[in-house]
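Colleague: sequence and predicted structure are below.
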Amino acid sequence: MSEPTEPGQPQSTVATGSRMQRLFDLRYVIGVLMGVYGVILVIRGALDGPEQLARAAGTEINLWTGIALLVVAAIFLIWARLRPLGIDVTEEE
Amino acid sequence: MLRLNPGWLDYTLLALYFVVVLGIGVVARRAVGTSADFLLAGRSLPAWVTGLAFVAANLGATEIIGMAANGAEYGVATVHYYWIGAVPAMVFLGIVMMPFYYRSKVRSVPEFLRLRFGNYTHVLNAVVFAVASVLIAGVNLYALAIVLNALLGLPQIWGIVLSAAVVLVYIGFGGLGSAIYGEVLQFFVILAGLIPLAIVAVRHVGGFHALADKVTQSALGSEGLHAWQGTGIGSVTNPIGANWISIVLGLGFVLSFGYWTTNFAEIQRALSAKDRSASQRTPLIAAFPKIFIPALTIIPGLVALIAIPNFGNEASGGLEYNDAIPALIGQLLPEGVLGIALTGLFASFMAGVAANVSSLNTVVTYDLLQPYLAKGRGDRYYLTAGRWVTLVGVVIAIGTALLASSFNNIMTYLQSLFGIFNAPIFATFILGMFWKRTTGWGGFSGLGSGVLAGTLVFVLAEAGVVDFGSGIATSFYQAGAAFIVDVVVTVLVSLATTRPEPERLAGIVYGVPGADGVVPTLRQPKERVWYRKPILLGGLALAITVVLNIIFA
């Protein structure tokens, strides 16, 4: 931040430092949910027969969506792993 | 006819989502110790979280379904709701207005009015916002119940009560923090449903070229593929039915700036960011998904129009425009992805309700209880009050939803009426933030008369006394009248009343130093990495929007 935010006016001060953040990292939640969805869709996609394919205009849509979800899940899990909460100090100058 | 037939796997995917969202609520309960934790998420969230929540709070299912309907009705010109009607205002909020909101340390949008203009304007705005939030939450619940009923055959009353209960559990426990976490999750799930739907939809009609050919031959004609062609003044032939001035000024300026820069349900997400730079980046980060979301709503709309026989002709028994996305989900997606898309729709409905309720409890607690109705209590009191307001808000929303199910038209009118409040309030904020001379009475009378002017135009148009041609044009004139009357009255009354005392302006008006000696200006925070620089992010978003407008002109 370049400018401190202390006008000193409103009635009460706002407590900072969310316990929410410290309690759990949203990136893991996104990573796990997308990962589980991805695995389910890939398995479902592997079992898809001509009926499912015909429905989706010949696209193996379950398989591809599943793979895409696994990629998204991997990105979030790796990000959360590499940059855990608490050491993200880049906001300071 | 529209009934989906989800398999057990689809229900499993849906159930998994409910488990995760309720789990967030229950775990988040432990994170809530003070009223600020509950109502403001402790002001500590990173910009990517608040940014995605900012876009997701607006990406409710009514929005998605409605925009797909617009896609079928107006064609490519629907992009105006995004590229002109959202992105510029979001960039303006991030670069110009957010610094004032954040550094004033207000906990809500009405609270800024209290600091700047005093109690009358504050109460007026807070009460209107609270009433509007409850009613809109109810409308969302009702919309959700209709979709549940149509797709799954669940009785409407059960749909309403069940989804309200889920929202109540996760907001009631975790407050704004879990609302925001839920919104970010919803964002990913709805994309995971809509992206495959758009891909399959395009392949279903034989690719983009075939899609374009068939749209040209459809009722939309070749201008259905263009955003700006046929919007000349006096010769409007574009299906959107408004000339370019109405689009730029009405949709782009008056309506969208009013909504995006002062709607507390949106601003609240940015206020919960961890610092000023992150709060500025919240709407800027949100602008990027916003630029590309039309691809996921307009494409299904166009495909539904050309691939479903008799689409949009309700009179002759065809599906209505709003059925575009549900119908395509049912027709094209196999078990698996179907469940994801269904979950995405549910999630976005609930996130819409959650956004309304979580902004409602903040305004009622911090803007009505704390300063007026129950002054000077301990924080514990306000935390408990916040929880009770959440409960009462949800119960009233259920009542509104039931009311809406019997008086559908009344709700439509009410919603348009609340839209009227947005246009003048933007004028009041801009004058308040940048013109020192604006007085408390000026702000109050300007806002009040602006609302009256908007209401008058609305009523005259409804009564058929004046006719502006189309719905978009009407809302433009209505918002324009409200905006201009607000500016004129605010300026005149301010000049006629005594200059505001300097203490009232300190630190919240452009160029007036605060108690800490810091002068509020538009100087942007210094960030080392490029993707954290607000000006660069905002400029990039605008540049992409301009290029896309040229491509799709």
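Modeller: Happy to help now that I have it. Residues are numbered from 1 along each chain as shown, chains lettered A, B, ... in the order given.

Colleague: B:L115 and B:S104 touch, don't they?
Modeller: Yes. Taking C-beta atoms under 8 Å as the definition, B:L115 is a contact partner of B:S104 at 6.2 Å. Quick note: C-beta positions are derived from backbone N, CA and C, even for glycine.

Colleague: can you pull out the helices in the stretch 151-300 of chain B?
Modeller: B:156-204, B:207-217, B:244-245, B:256-262, B:264-271, B:276-307 (DSSP state H, counting those that start in this stretch).

Colleague: ok, which stretches of chain A are helices?
Modeller: A:19-23, A:26-47, A:50-55, A:61-82 (DSSP state H).

Colleague: how close does the closest residue to A:R55 other than its chain neighbours sit to B:G7?
Modeller: Closest residue to A:R55 apart from its sequence neighbours, by C-beta to C-beta, 6 or more residues apart in numbering or on different chains: B:P334 at 5.0 Å. As defined by C-beta to C-beta, to the nearest Å, B:P334 lies at a distance of 9 Å from B:G7.

Colleague: what does B:G317 give?
Modeller: 29 Å.

Colleague: Provide the secondary structure category for the closest residue to chain A within the stretch 451-553 of chain B.
Modeller: Nearest residue of the stretch 451-553 of chain B to chain A: B:G507, at 3.2 Å (C-beta to the nearest C-beta). At B:G507 the chain is in coil, as set by DSSP: H, G, I helix; E, B strand; the rest coil.

Colleague: was I right about it contacting B:A515?
Modeller: Yes. Counting by C-beta under 8 Å, B:A515 is a contact partner of B:G507 at 6.4 Å.

Colleague: in chain B, which spans are strands?
Modeller: B:231-232, B:235-236 (DSSP state E).

Colleague: so which of those is nearest chain A?
Modeller: That would be, of those and by C-beta to the nearest C-beta, strand B:231-232, which comes in at 33.5 Å.

Colleague: any weak-confidence spans in the chain?
Modeller: With no chain named, the answer covers chain A. Within chain A, the segments meeting pLDDT under 70 span A:1-23, A:86-93.

Colleague: not quite, go with chain B.
Modeller: Chain B contains residues with pLDDT under 70 at B:1, B:408-419, B:469-472.

Colleague: show me how the record splits it into domains.
Modeller: B:8-404+B:523-551, B:412-513 (automatic domain parsing).

Colleague: start to end distance for the first one?
Modeller: The straight-line separation of the ends of domain B:8-404+B:523-551 (C-alpha to C-alpha, to the nearest Å) is 44 Å.

Colleague: so who does B:L332 touch?
Modeller: Counting by C-beta atoms under 8 Å, 6 or more residues apart in numbering or on different chains, B:L332 touches A:55-57, B:197, B:200-201, B:204.

Colleague: can you do 6 Å?
Modeller: Neighbouring residues of B:L332 by C-beta atoms under 6 Å, 6 or more residues apart in numbering or on different chains: A:56, B:200, B:204.

Colleague: how close does it get to B:L302?
Modeller: Per C-beta to C-beta, B:L332 is found 14 Å from B:L302.

Colleague: how about B:T455?
Modeller: Applying C-beta to C-beta, the value for B:T455 to B:L302 is 36 Å.

Colleague: B:V91 too?
Modeller: 28 Å.

Colleague: what about these two, which has more around it?
Modeller: B:L302 (28 against 23; other C-beta atoms under 10 Å in any protein chain shown).

Colleague: so what sits against both of B:L115 and B:S104?
Modeller: In contact with both B:L115 and B:S104: B:I508, using C-beta under 6 Å, 6+ apart.

Colleague: returning to that earlier point: any chance of the helices of chain A in CSV, plus mean neighbour count?
Modeller: Shown next, in CSV, are these (neighbours: other C-beta atoms under 10 Å in any protein chain shown):
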stretch, mean neighbour count
helix A:19-23, 18
helix A:26-47, 19
helix A:50-55, 14
helix A:61-82, 18
